[in-house]
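J.: I need the structure of the sequence given here:
(one chain, ligands or ions: 1)
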Amino acid sequence: MAWFQKTANKVKAKTPPVPTKGEGLFHKCDACSEVVYKQEFEAHFNVCRSCGHHEALPVRRRLEMVLDPGSFEELDTELAPADPLGFSDAKKYKDRVRSTFKNTGLRDAFLSGVGAIDGTPVSIGTFAFEFMGGSMGSVVGEKVTRVFDRAYEMKAPAIVFSSTGGARMQEGIFSLMQMAKTSAALHRFRSVRKPYVSVMLHPTTGGVAASFAWLGDVVIAEPKALIGFAGPRVIEQTIREKLPEGFQRSEFLLEHGMIDAIVPRPELRQKLSQLLSLLG
Ligand SMILES: [Zn+2]
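T.: This is a model prediction of the structure:
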């Protein structure tokens, strides 16, 4: 039984709608309601200049932001999810995958490939939260594994951006197995003694946080990202206690020694470059 398909299905992705005149010219900050030109907001990597609020960044833009221009080569594009359990909830898993592909143009919740940061070759991957909440099924697990395997072959640093709700329930145990599989690939990569930098975005939770995302040699988070295993509501209901202010946010985790640094998005490329030159 295959856990993922090697040949992507033939459904065509929708072309994005053409904006009508004047539409989308301005952007209003979700946090402080400051209104700025959308172009200016996007040029600042979707970070509000006024209050520093980080809004979601399109997945390819994230890679462009940190890699040398034109250096990214996307790989593993032939992988698409199968439906090993024949799973169905409100909708069949197969149909959910198909409609998400049509809406996002993505085959699954992860993009992987190779690129360079200030001339240093890197094996890199990033979650796409817009694809089923960035959940990790067999395809995501395989792609993350390949990021570490390629880094091992290239003897190059590995970088993974996580933004995920955790395991993909539609793939049941096959999804949970990816925690062990990716961690094993990371363990093998350790032997080449190159750094693995894990960048946790908002949110990074569940099986991803509990495996490779928290196993970075350096663990970086974006400001105010929600990071943890179970969400705060689940913990409060389980322990029947009120959680402290800011619990599971980057700032709280840094203060308690759970992550190494909080890096605002506009400074990330420079910080990664600095880390790679220090750690080789
Ligand atoms: Zn703002």
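
J.: surely residue 140 and residue 110 touch.
T.: Yes: look at residue 140 against residue 110 with CB atoms under 8 Å: they come within range, at 4.4 Å. Any C-beta I mention is one placed from the backbone N, CA and C, and that applies to glycine too.

J.: joint contacts of these two?
T.: Both residue 140 and residue 110 are in contact with residue 127, where contact means CB atoms under 8 Å, 6 or more residues apart in numbering.

J.: what's the spacing between residue 239 and the ion?
T.: From residue 239 across to the ion, the span is 33 Å (CB to the ion, to the nearest Å).

J.: and that residue, how many residues sit next to it?
T.: Other residues within reach of residue 239, judged by other CB atoms under 10 Å, total 9.

J.: confirm residue 276 sits in a helix?
T.: Yes: judged by DSSP: H, G, I helix; E, B strand; the rest coil, residue 276 forms part of a helix.

J.: what about the helices in the stretch 151-280 of the chain?
T.: Under the criterion DSSP state H, counting those that start in this stretch, the stretch 151-280 of the chain carries helices at the ranges 172-189, 206-209, 232-239, 250-255, 268-279.

J.: rank those helices by mean pLDDT and give me the bottom one.
T.: Within these, the least confident segment by mean pLDDT turns out to be helix 232-239, at a mean of 92.

J.: still on that earlier bit, tell me which of the helices of the stretch 151-280 of the chain lies nearest to residue 58.
T.: Ranking the helices of the stretch 151-280 of the chain by their distance to residue 58 (criterion: CB to CB) puts helix 268-279 first, at 15.3 Å.

J.: please name every helix or strand in contact with the closest one.
T.: For helix 268-279, the packing partners by 3 or more CB pairs under 8 Å, 6 or more residues apart in numbering; DSSP states H and E come out as helix 59-66, strand 110-117, strand 120-127, strand 196-204, strand 218-221.
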